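>>> next comes the sequence, and after it the predicted model I'd like to discuss.
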Amino acid sequence: MLAAGSAALADVDLPQALPDLVSLQKDVMSFEMARALSHERVRHPDRLSEALRLLFREGAVITGEAHAAHLAAATAAARSVDALFASFDVLIAPSATGEAPAGTDATGDPVFCRGWTLLGLPCVHLPFAQGRHGLPIGLQCIGCAGDDHRLLAAANWIFERLTR
């Protein structure tokens, strides 16, 4: 659909030296959440979900030195991924492992979004199909840091072609 609409598509390999972005993002997030939400964590633990309490416990044991190293690794990773945008306007990747979950209790597994979030890259989710339960299936467009307008224009162009 996209190639027929004059888009040049190519598979791209992420830089080999990238750390495990999913694990790194979870460590950075849990460290920062444990501290930013320390009032809630300490004063109202009974009002938090077990999953959130676990995330806080994991983040609380990460040292400041380890966090600084995680941030340095994320910065280096962002620089290496930035180089991809010299050849590509946007990257296209899965948004999720399948169709959206039913109900409003969860948004699904963010595994395919974590790395882009860590790198500070703008993303747009494009629901373009339905799964066997009638819930959305989509992909995400990822843009270069600070290039949100180009990403939004490309995402609009892609979405128009995918939903014709």
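Here it is on my side, so go on. Remember, it's a predicted structure, so these values are computed and weren't measured experimentally. Numbering: from 1, shown residues only.
>>> the host helix or strand of Glu160 packs against which elements?
Using DSSP states H and E, Glu160 sits within helix 148-162. If contacts are counted by 3 or more CB pairs under 8 Å, 6 or more residues apart in numbering; DSSP states H and E, helix 148-162 sits against strand 123-130, strand 136-142. (C-beta placed from N, C-alpha, C; glycine too.)
>>> which one, of these, ends up nearest to Ala154?
Between Ala154 and those, the tightest spacing by CB to CB is seen for strand 136-142, at 6.1 Å.
>>> what about the residue minimising distance to the centre of the chain, which helix or strand?
Of all residues in the chain, the one closest to the mean position by CA atoms, centre = their mean is Cys113, 1.9 Å from it. Per DSSP H and E: Cys113 is located in helix 111-118.
>>> what about stretch 131-145, start to end distance?
Across its full length, stretch 131-145 reaches 31 Å between end residues, using CA to CA, to the nearest Å.
>>> average pLDDT for it?
For stretch 131-145, the mean pLDDT works out to 93.
>>> quick one: buried residues of that stretch?
For stretch 131-145, a neighbour-count test (16 or more other CB atoms under 10 Å) marks 137-144 as buried.
>>> and the residue lying farthest from the centre of the chain, how close does it get to Leu37?
Ranked by distance from the centre of the chain (CA atoms, centre = their mean), the top residue is Arg43, with 30.4 Å. Using CB to CB, to the nearest Å, Arg43 is found at 10 Å from Leu37.
>>> per the annotation, how does this protein divide into domains?
Residue ranges for each domain of the chain read 18-82, 88-164, as given by automatic domain parsing.
>>> can you tell me what sits against the strand or helix carrying Ser30?
Assigned by DSSP H and E, Ser30 falls within helix 21-36. Residues outside helix 21-36 that contact it (CB atoms under 8 Å, 6 or more residues apart in numbering): 41, 55-60, 62, 66-67, 70-71, 73-74, 77, 111, 114-115, 117-119.
>>> likewise for stretch 120-140?
So stretch 120-140 is in contact with 78, 81, 92-96, 98-102, 112-113, 116-117, 141-145, 147-148, 151-152, 155, 158-159, 162-163, going by CB under 8 Å, 6+ apart.
>>> got the buried residues for the helix holding Glu160?
So, applying 16+ other CB under 10 Å, buried residues of helix 148-162: 151, 154-155, 157-159, 161-162.
>>> output it as CSV, nothing but the C-alphas.
Extracted C-alpha coordinates of helix 148-162, given in CSV (Å, rounded to 0.1, in the frame of the first residue of the first chain):
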residue,chain,number,x,y,z
ASP,A,148,7.7,16.4,15.3
HIS,A,149,6.2,18.3,12.3
ARG,A,150,7.9,16.0,9.8
LEU,A,151,6.7,13.0,11.8
LEU,A,152,3.1,14.2,11.9
ALA,A,153,3.1,15.0,8.2
ALA,A,154,4.5,11.6,7.4
ALA,A,155,2.1,9.8,9.8
ASN,A,156,-0.9,11.6,8.2
TRP,A,157,0.3,10.6,4.7
ILE,A,158,0.8,6.9,5.8
PHE,A,159,-2.5,6.8,7.7
GLU,A,160,-4.4,8.1,4.6
ARG,A,161,-3.0,5.3,2.5
LEU,A,162,-3.5,2.5,5.1
